[in-house]
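>>> Structure of the sequence below:
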Amino acid sequence: MGNVKYILLIRALGPTYGTYSLPYGIIAIANYIHSHSEYRAIIVDRYKEFWRGINYITGIIKARDVRIVGISAMSSQRDDAVYMARHIKNDIPGVKVILGGIHFTAMPEDGLKHADAVVKGEGEKIFLSMTDAFFRNNADIKGIYRGESLVDLDEAGYPTREVLKKVLIKSGRGFLLMSSRGCPYECKFCLSRAIRDARMRYHSIESMFDYVELLAADFRIRNIFFTDDIFILRKDRILKFYDEFNKRGLSRYNIEFACFTHAGHGDMEVYSKLREIGFKSMAIGVEFGDDRILEINGKRQKTADVERTIRLITAAGIKLRCLFMIGGMGEDSSTIQKTISLAERLRKEHRCLVSFSLAQPLPGSEFFQEAEKYGRMIGKNCFQYSTRKISFLPEGMSKQELMGLYLKARLLDKKNIVRYFAESFHWHYFRRLFMDTVAGLYYKSAVAGRIEDSGR
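Got it, this is the predicted structure:
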């Protein structure tokens, strides 16, 4: 054990959401490193261990003589990543700190202000190459590195039983699972194709179901949501999914599945088969109720396309949550009212659940680059955007007008929440809300207050 070289991989903490998902990015890097080298990766998920201070992190580094630390962050987790990077570098000279994840892929120069290096894109292969160069050739780690995407996701694999025991916050609850990477669409509010690999790449159906069985048998997981950008993209894969589920007899676990879908994908055979094996609910990004606004925001669909797909899904007996945005590029009060009216109609005619978010020009999106053409960005801190706060104001609209329309839309959301819990009470959602709230409070008090120079 004395000759083992350790690296430390950390998922940074943000205000919310992480308590419900695994840190798949750093887990995939750790799995890849373990299967392709003799190095050992230690995983720390700040959402699982948010009550532990920075001394816990530095204690691991000193105890295991860690020489390389990787920190992954979305934009909402950026401040915590910067805080850890600066603290580690100040407290333990000689340790190389590498920042990665969606935020630093989009804004690598921001990361270089606080760390030795930044990885853009997927990190499995490049992180191992950097580690090898450092330990074998005494090479320095400095600057911006571009990651090479995995084609076969089974090269990284899924979390092992041992990793799940460490990072899974609670057994027997809902669970987020990703079976693919990539998206063929170019929505301007999502990560731009200029900095992401749009190719669709998959875990094999076999390895995915090995993982599902592990979750169900060993951790009593009974609710699984597939977080793939579009789970229902290839009919042949869905039919293979259906066959493999039945071949393994997984109905014995009574798992409820859910996923994202997209207008124009799937047919009655696909949705009926998925409903048969436990897909009781799905979510679809409707976004806007005006075709011109959909086009401006890069959403390659029309409202008529969305409605056709919604009729198909609900006819198959699947509950549907429709996701909408308020205040995107090109919007005004009349287009927002169209969105609210469409949501109200879908709620009444198809009993859809509806959810609304204020549009956010996040770093790495074309929205972030084009926002000033269609209005103005609000606030100085794009790293703490919230879907419930105004960060972009469409041209000609006041903050009061936009917030008033958003609150009007949210009233529909609240009606659906009441109906949903009346029909199907899920206690784990309240546990999630509690954990998110506690983590968020810790983030605000222990992280945000410590960032004196945020680079803004």
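>>> from memory Phe245 sits against Leu274, does it?
No: applying CB atoms under 8 Å as the test, Phe245 and Leu274 come out as separate, 9.6 Å apart. (C-beta placed from N, C-alpha, C; glycine too.)
>>> Okay, the residue positioned nearest the centre of the chain and Ala283: tell me how far apart.
Nearest to the geometric centre of the chain sits Thr227, at 7.6 Å (CA atoms, centre = their mean). According to CB to CB, to the nearest Å, Thr227 and Ala283 sit 10 Å apart.
>>> okay, and the common contacts of these two?
Phe260 (CB atoms under 8 Å, 6 or more residues apart in numbering).
>>> how far does stretch 275-290 sit from the chain's center?
Averaging C-alpha positions (CA atoms, centre = their mean, to the nearest Å) puts stretch 275-290 17 Å from its chain's average.
>>> Give the rounded mean pLDDT of it.
Here stretch 275-290 scores 97 as its mean pLDDT.
>>> Please save the CA atoms from that stretch in PDB.
Presented in PDB, the C-alpha positions along stretch 275-290 are these (Å, rounded to 0.1, in the frame of the first residue of the first chain):
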ATOM      1  CA  ARG A 275     -45.600   1.700 -19.800                       C
ATOM      2  CA  GLU A 276     -46.000  -2.100 -19.500                       C
ATOM      3  CA  ILE A 277     -42.600  -2.500 -17.800                       C
ATOM      4  CA  GLY A 278     -43.000   0.300 -15.300                       C
ATOM      5  CA  PHE A 279     -42.600   3.700 -17.000                       C
ATOM      6  CA  LYS A 280     -45.400   5.500 -15.300                       C
ATOM      7  CA  SER A 281     -44.200   9.000 -15.900                       C
ATOM      8  CA  MET A 282     -42.100  11.100 -18.300                       C
ATOM      9  CA  ALA A 283     -41.000  14.700 -18.700                       C
ATOM     10  CA  ILE A 284     -41.000  16.700 -22.000                       C
ATOM     11  CA  GLY A 285     -39.400  20.100 -22.700                       C
ATOM     12  CA  VAL A 286     -42.200  22.200 -24.200                       C
ATOM     13  CA  GLU A 287     -40.400  25.400 -23.200                       C
ATOM     14  CA  PHE A 288     -42.500  28.000 -25.000                       C
ATOM     15  CA  GLY A 289     -46.000  28.300 -26.400                       C
ATOM     16  CA  ASP A 290     -45.100  30.500 -29.400                       C
END
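>>> For Phe245 and Leu274, indicate the residue with more neighbours.
Using other CB atoms under 10 Å as the criterion, Phe245 and Leu274 rank with Leu274 on top: 26 against 21.
>>> That one and Thr131, how far apart?
Taking CB to CB, one finds Leu274 at 41 Å from Thr131.
>>> quick one: contacts for Val212?
With CB under 8 Å, 6+ apart, Val212 has these contacts: 177, 224, 250, 255.
>>> Next secondary structure after the host helix or strand of it?
Using DSSP states H and E, Val212 sits within helix 205-219. For helix 205-219, the following helix or strand on the C-terminal side (DSSP H and E) is strand 223-226.
>>> what's the following helix or strand after that next one?
The helix or strand immediately downstream of strand 223-226 is helix 235-247, counting by DSSP H and E.
>>> pretty sure the residue nearest to the centre of the chain is in contact with Ser21, am I right?
Yes: the pair Thr227 / Ser21 is scored as a contact, 7.5 Å apart, by CB under 8 Å.
>>> Find me the pLDDT at the residue nearest to the centre of the chain, would you?
Thr227 is assigned 93 on the pLDDT scale.
>>> and it, what are its phi and psi?
phi -90, psi 10 (degrees, to the nearest 10).
>>> ok, now which ones touch it?
Residues near Thr227 by CB under 8 Å, 6+ apart: 21, 176-178, 260.
>>> Report the buried members of those.
Buried subset of the contacts of Thr227 (neighbour count, 16 or more other CB atoms under 10 Å): 21, 177-178, 260.
>>> out of those residues, which one sits closest to Leu215?
Leu177 (7.8 Å; CB to CB).
>>> didn't that closest one look like it was pressed against Tyr211?
Yes: if you go by CB under 8 Å, Leu177 and Tyr211 touch, sitting 7.2 Å apart.
>>> buried sites along the helix or strand hosting Ala304?
Per DSSP H and E, Ala304 falls inside helix 303-315. Within helix 303-315, the residues scored as buried using 16+ other CB under 10 Å are 303, 306-307, 309-310, 312-314.
>>> So which elements touch it?
With contacts taken as 3 or more CB pairs under 8 Å, 6 or more residues apart in numbering; DSSP states H and E, helix 303-315 sits against helix 268-276, strand 279-287, strand 319-326, helix 333-350.
>>> can you give me the offset of that helix from its chain's centre?
Distance of helix 303-315 from the chain centroid (CA atoms, centre = their mean) equals 25 Å.
>>> tilt between it and helix 333-350?
Relative orientation of helix 303-315 versus helix 333-350 (axes from the mean of the first three to the mean of the last three CA atoms, to 10 degrees): 20 degrees.
>>> residues in contact with helix 303-315?
261-268, 271, 282, 284, 286, 289-291, 294, 320, 322, 342, 346, 350-352.
>>> now that helix against strand 319-326, angle please.
On the basis of the same axes, to 10 degrees, helix 303-315 is oriented at 150 degrees to strand 319-326.
>>> Only alpha carbons, please: show helix 303-315 as PDB.
Extracted C-alpha coordinates of helix 303-315, given in PDB (Å, rounded to 0.1, in the frame of the first residue of the first chain):
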ATOM      1  CA  THR A 303     -46.100  23.600 -30.500                       C
ATOM      2  CA  ALA A 304     -48.200  21.300 -32.900                       C
ATOM      3  CA  ASP A 305     -45.300  18.700 -32.800                       C
ATOM      4  CA  VAL A 306     -45.300  18.800 -29.000                       C
ATOM      5  CA  GLU A 307     -49.000  18.300 -28.700                       C
ATOM      6  CA  ARG A 308     -49.000  15.300 -31.100                       C
ATOM      7  CA  THR A 309     -46.300  13.600 -28.900                       C
ATOM      8  CA  ILE A 310     -48.200  14.500 -25.700                       C
ATOM      9  CA  ARG A 311     -51.400  12.900 -27.000                       C
ATOM     10  CA  LEU A 312     -49.400   9.800 -27.900                       C
ATOM     11  CA  ILE A 313     -47.800   9.500 -24.500                       C
ATOM     12  CA  THR A 314     -50.900  10.100 -22.500                       C
ATOM     13  CA  ALA A 315     -52.900   7.700 -24.600                       C
END
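>>> What angle do helix 268-276 and it make with each other?
Helix 303-315 runs at 50 degrees relative to helix 268-276, counting by the same axes, to 10 degrees.
>>> Show the average pLDDT along helix 303-315.
Here helix 303-315 scores 96 as its mean pLDDT.
>>> Check stretch 232-250 too.
For stretch 232-250, mean pLDDT rounds to 97.
>>> Right, I'll call it a day here.
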